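**Student:** Structure for the following, please:
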Amino acid sequence: MLPYLSDIIIILVLAGIVVFVIINRRNRMFRLWQDVSRHEVAFHKKLFDTARSFAHHAETFDIFVDLDTMRKFTDGDADEKKILGLEERQALFQALQTLYVGLDEENNKHHADLKEKFEELQTLRLRYNSKVLYYNRFIMMFPMRLFARRMGFEEKDYFG
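**Tutor:** The predicted structure is shown next:
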């Protein structure tokens, strides 16, 4: 009976270690998802603020006349902004990037605040994309891939 007892204890200890590792990985996945979500909200809030700032100075830009996406951000209410898809937000970002390049070429002192806002937006975008990269890699590794799919975690899209 004594030899079987030591085998049972070893099996229970190994099972406990496996359970501990799985719970630890699951908690880490939740923290990564929360971190990505927090950075996503901060980035999109800054995107809206930057778009409003550029739209405020729209009279100096010819490109805004044909930009439907910019109108959605500046004329719409908060609920309409929430339903904009990733493609529309990326189109807005591309338009802002085009305007930023134009501002950079002008080197106008009046647009220094717009340049600064766009550079802050770029920094937030890079942080968000790095968090998404780390999160996506983590949930695609074995055994997290199995748990992530069962718990509804999917890969996040990069922005820009």
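**Student:** and the gap between residue 56 and residue 22?
**Tutor:** Distance of residue 56 to residue 22, given as Cβ to Cβ, to the nearest Å: 51 Å. Glycine gets a C-beta too; all of them are placed from N, C-alpha and C.
**Student:** So which of those two has more stuff around it?
**Tutor:** Neighbour totals were compared for residue 56 and residue 22, and residue 22 leads with 13 against 10 (other Cβ atoms under 10 Å).
**Student:** Backbone dihedrals for residue 154, please?
**Tutor:** Main-chain dihedrals, residue 154, degrees, to the nearest 10: phi -120, psi 170.
**Student:** right, and the secondary structure at residue 157 would be what?
**Tutor:** When classified by DSSP: H, G, I helix; E, B strand; the rest coil, residue 157 comes out as coil.
**Student:** tell me the pLDDT at the nearest residue to it once chain neighbours are set aside?
**Tutor:** Excluding the flanking residues, the one nearest residue 157 by Cβ to Cβ, 6 or more residues apart in numbering is residue 86, at 5.8 Å. For residue 86, the pLDDT comes out at 74.
**Student:** pretty sure residue 86 contacts residue 156?
**Tutor:** No - using Cβ atoms under 8 Å, residue 86 is not in contact with residue 156; the gap is 10.2 Å.
**Student:** Neighbour count: these two, which is higher?
**Tutor:** The residue with more neighbours, out of residue 86 and residue 156, is residue 156; 19 against 10, by other Cβ under 10 Å.
**Student:** any idea of the pLDDT on the more buried one?
**Tutor:** The model reports residue 156 with a pLDDT of 85.
**Student:** Pull the contacting residues for it.
**Tutor:** Applying Cβ atoms under 8 Å, 6 or more residues apart in numbering to residue 156 gives the contacts 36, 40, 132, 135-136.
**Student:** can you pick the most crowded of those?
**Tutor:** residue 135 (23 neighbours).
**Student:** Longest helix in the chain, please.
**Tutor:** Longest helix in the chain by number of residues (criterion: DSSP state H): helix 2-56.
**Student:** Tell me how far that one lies from the chain's centre.
**Tutor:** The chain centroid and the centroid of helix 2-56 are separated by 16 Å under Cα atoms, centre = their mean, to the nearest Å.
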